[in-house]
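> Everything below, folded, please.
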Amino acid sequence: MRQRAARRLALLSESAPGKLAVVAAGGTGGHLFPAQALAQALVARGWRVVLATDERVQTLSAGFPAEQRIPLSAATFKPGDPLGAVKAGGAILKGVMQARAELAALKPAVVIGFGGYPSLPALIAAISQGRKTIIHEQNAVMGRANRLLASFVTQIACAFPTLLKAPASVQAKAVVVGNPVRPDIQAIYERPYDPPAGEVRLLITGGSQGARLLSEMTPRAIAALPDAIRRRLKVQQQTRPEAIERAKQTYAAADVDAEIAPFFDRMGERLAACHLVIGRAGASTVCEIAVAGRPSILVPLKIALDDDQGQNARLLAAAGAAEVLNEDQLSIESLSALIQALIEDPARLAAMAAAARAVAKPDAADRLADLVEKTAA
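Residues are numbered from 1 along each chain as shown. Modelled structure (predicted):
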């Protein structure tokens, strides 16, 4: 299979020598998965794609349709940490010099960044060389890296109509395209939602940051449900590796059928099969839930900079598609009560599912690919 994929990329390289895009993304799956969806859309249109990233995403980028990967030096720092800022600045400067050399050799038609510090070196290098550039903002609040670049890039694409913290001078060049989702999730969009009648399937997603709270609290909240509900449950939970054994014990003691793992593949199948999602409110999670048309309970990460997860969650909640529990409101009792209330009201779950689908942009990858081609032209 890998050999066939390599041959396809080789043929694309020969057939479209002038259509090369460099996609800059990394750090977490939340940045990388939308970039992968765009890359797949561009490859389908005959483009060649090169991925510029950091070293942390080697496992996540295994299926990325890039003919080449450029590892760039990059680093981040916490606000109020001057020594960390100096070190990060040095790492990013090194990455910029690496990227300038690579871009000079590749001569891409456009460079697209997906936010986060790993995108900075490639974008800064491209801007310094006068190349066409696009940044995609996946959150309802513009992140720090994108705010630094916004005034200098050719075009800005955003996932939500809301773009808080964006410099006023760049609002005019912002285009709402949505957040690209992987093809297996996009394929669910037309599939109807069937409210639970017997078995109730819960999907609990983790997240790379702040997942400990959900990892530890959700099994205990489910164990606190009435026996009649627990016997109907089939739980799939992403959780931190160190919390797996404890979660298994909690579910076993409560006689709950549960599959637990630190990472789930085939997420499209799991979303399509579930009746209710419980998770954080990262931009990719929120948009994937919307495209899948599934009701959700969202717990925004409290320590997220600029409350971006809170803003993401509110957009779904305002549409009637999600219930939001802030960390200050979250307890075993409050989460258990909310799960019970939703399971006992199938009509409400169906209405939430319809509301989620109504605000989704399942064609976001193609919308962004259109913008890439327009900008490159």
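
> residues contacting residue 220?
Taking CB atoms under 8 Å, 6 or more residues apart in numbering, we find residue 220 in contact with 250, 332. Every residue, glycine included, has its C-beta placed from N, CA and C.

> swap in residue 64?
Contacts of residue 64 by CB under 8 Å, 6+ apart are 32, 35, 36, 39, 51.

> if you set the cut-off to 6 Å instead, what comes out?
36, 51 (CB atoms under 6 Å, 6 or more residues apart in numbering).

> How about the backbone phi and psi for it?
Main-chain dihedrals, residue 64, degrees, to the nearest 10: phi -70, psi 130.

> how much space is there between it and residue 296?
Look at residue 64 and residue 296: by CB to CB, to the nearest Å, they are 27 Å apart.

> Next: residue 184.
Separation of residue 184 from residue 296 (CB to CB): 18 Å.

> So between those two, which is more surrounded?
residue 296 (28 against 15; other CB atoms under 10 Å).

> give the contact list for the more buried one.
Taking CB under 6 Å, 6+ apart, we find residue 296 in contact with 277, 289, 322.

> Could you tell me how many residues sit around the second one?
If you count neighbours by other CB under 10 Å, residue 289 ends up with 29.

> what's the distance between it and residue 221?
19 Å.

> do the same with the first one
Note on residue 277: its distance to residue 221, by CB to CB, is 15 Å.

> Excluding chain neighbours, give the residue nearest to residue 294 in space.
residue 277 (5.3 Å; CB to CB, 6 or more residues apart in numbering).

> Going by residue numbers, what spans are strands in the stretch 101-250 of the chain?
Read by DSSP state E, counting those that start in this stretch, the stretch 101-250 of the chain holds these strands, from start to end of the chain: 110-113, 133-137, 155-158, 174-176, 200-204, 233-238.

> Now mean neighbour count, distance to residue 122 and mean pLDDT too, for these, in CSV please.
Putting the strands of the stretch 101-250 of the chain into CSV (neighbours: other CB atoms under 10 Å; distance: least, CB to CB, whole Å; pLDDT from 0 to 100) gives the following:
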stretch, mean neighbour count, distance to residue 122, mean pLDDT
strand 110-113, 30, 6, 97
strand 133-137, 28, 9, 96
strand 155-158, 23, 16, 95
strand 174-176, 16, 21, 93
strand 200-204, 21, 34, 97
strand 233-238, 21, 30, 95
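
> Mind checking what secondary structure the residue lying closest to residue 140 once chain neighbours are set aside has?
Nearest non-adjacent residue to residue 140, counting by CB to CB, 6+ apart: residue 311, 3.8 Å away. State at residue 311, reduced to three classes by DSSP: H, G, I helix; E, B strand; the rest coil: helix.

> Would you agree residue 311 is in contact with residue 143?
No - at 11.7 Å, residue 311 does not count as touching residue 143 under the criterion of CB atoms under 6 Å.

> Sort out which residues of the lengthiest helix in the chain are buried, please.
Looking across the chain with DSSP state H, the single longest helix is helix 82-106. Across helix 82-106, burial judged by 16 or more other CB atoms under 10 Å covers 88, 91, 92, 95, 96, 98, 99, 100, 102, 103, 106.

> Stretch 123-140 now?
For stretch 123-140, a neighbour-count test (16+ other CB under 10 Å) marks 123-127, 131-140 as buried.

> and the residue lying closest to residue 334 once chain neighbours are set aside, how many neighbours does it have?
In space, and not counting its chain neighbours, residue 334 is closest to residue 325: 6.3 Å by CB to CB, 6+ apart. Residue 325 has 17 neighbours, counted by other CB under 10 Å.

> Not counting its neighbours along the chain, what's nearest residue 19?
Sequence neighbours aside, residue 47 is the residue nearest to residue 19 in space, at 4.7 Å (criterion: CB to CB, 6+ apart).

> tally of neighbours for that neighbour?
By the criterion of other CB under 10 Å, residue 47 has 23 neighbours.

> Tell me what angle the helix or strand where residue 315 lies forms with strand 133-137.
Element membership for residue 315 (DSSP states H and E) is helix 308-318. With axes from the mean of the first three to the mean of the last three CA atoms, to 10 degrees as the basis, helix 308-318 and strand 133-137 are set at 70 degrees to each other.
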